[in-house]
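Enquirer: sequence isn't available, so here's the structure alone:
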């Protein structure tokens with residue numbers, strides 16, 4: 001969507017688990033409140049609204065080790081909608097989980113130096129990359145693709 005962009009600015013995917021379906025989506029372009037992430041379920045949905053302030057702080061030259069570096073924004077929120085029936089929908093506001101790029105990348109550094117475990121297990125990271133590649137191939141081919149991941153680590 002961005003002029004000259006080389007990566008996807010938006011995605012929506014449907015994952016199937018037997019008789020269950022899960023829809024995930026993301027967009028950098030949203031009218032109104034920025035719904036950064038969406039997950040839709042049979043009886044409800046979950047939304048992360050607003051941007052992670054760490055991204056803008058890094059763009060502005062702030063460093064994660066500085067005391068003013070943000071970990072979450074006041075304008076960021078999570079909402080969960082639970083539908084017990086089509087006419088009975090409950091909205092639940094949730095506080096965003098406080099994250100820290102500095103902690104994550106510190107854990108990653110320590111794992112590379114064989115000092116500690118990685119912040120994400122290798123098998124989970126490999127599954128994520130496989131899923132992203134599968135989604136990209138599905139988008140290019142216009143076909144639904146089956147998950148046929150075999151761990152080779």
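Expert: That came through, no problem. Keep in mind that what you see is a predicted model, and the values were worked out from it rather than measured. Residues are numbered from 1 along each chain as shown.

Enquirer: all strands for the chain, in order.
Expert: 10-17, 20-27, 35-41, 44-49, 77-85, 88-94 (DSSP state E).

Enquirer: give me the angle between the first one and strand 20-27.
Expert: Direction vectors for strand 10-17 and strand 20-27, defined by axes from the mean of the first three to the mean of the last three CA atoms, to 10 degrees, enclose an angle of 170 degrees.

Enquirer: strand 10-17 packs against which elements?
Expert: strand 20-27, helix 122-141 (3 or more CB pairs under 8 Å, 6 or more residues apart in numbering; DSSP states H and E). (Glycine included, C-beta is placed from N, CA and C.)

Enquirer: centroid-nearest residue for this protein?
Expert: Centroid-nearest residue in the chain: residue 37, 6.3 Å away (criterion: CA atoms, centre = their mean).

Enquirer: and the strands of the chain: which comes nearest residue 66?
Expert: Nearest to residue 66 among these is strand 35-41; the distance by CB to CB comes to 24.0 Å.

Enquirer: note down every partner strand of that closest one and its orientation.
Expert: strand 20-27 (antiparallel), strand 44-49 (antiparallel) (DSSP bridges).

Enquirer: roughly how far apart are the closest residue to residue 38 other than its chain neighbours and residue 58?
Expert: Leaving aside its sequence neighbours, residue 38 sits nearest to residue 25 (CB to CB, 6 or more residues apart in numbering; 4.4 Å). Plainly put, residue 25 is 25 Å away from residue 58 if you go by CB to CB, to the nearest Å.

Enquirer: for residue 38, give the beta-bridge partners.
Expert: Bridge pairing for residue 38 - DSSP bridges - gives residue 25, residue 47.
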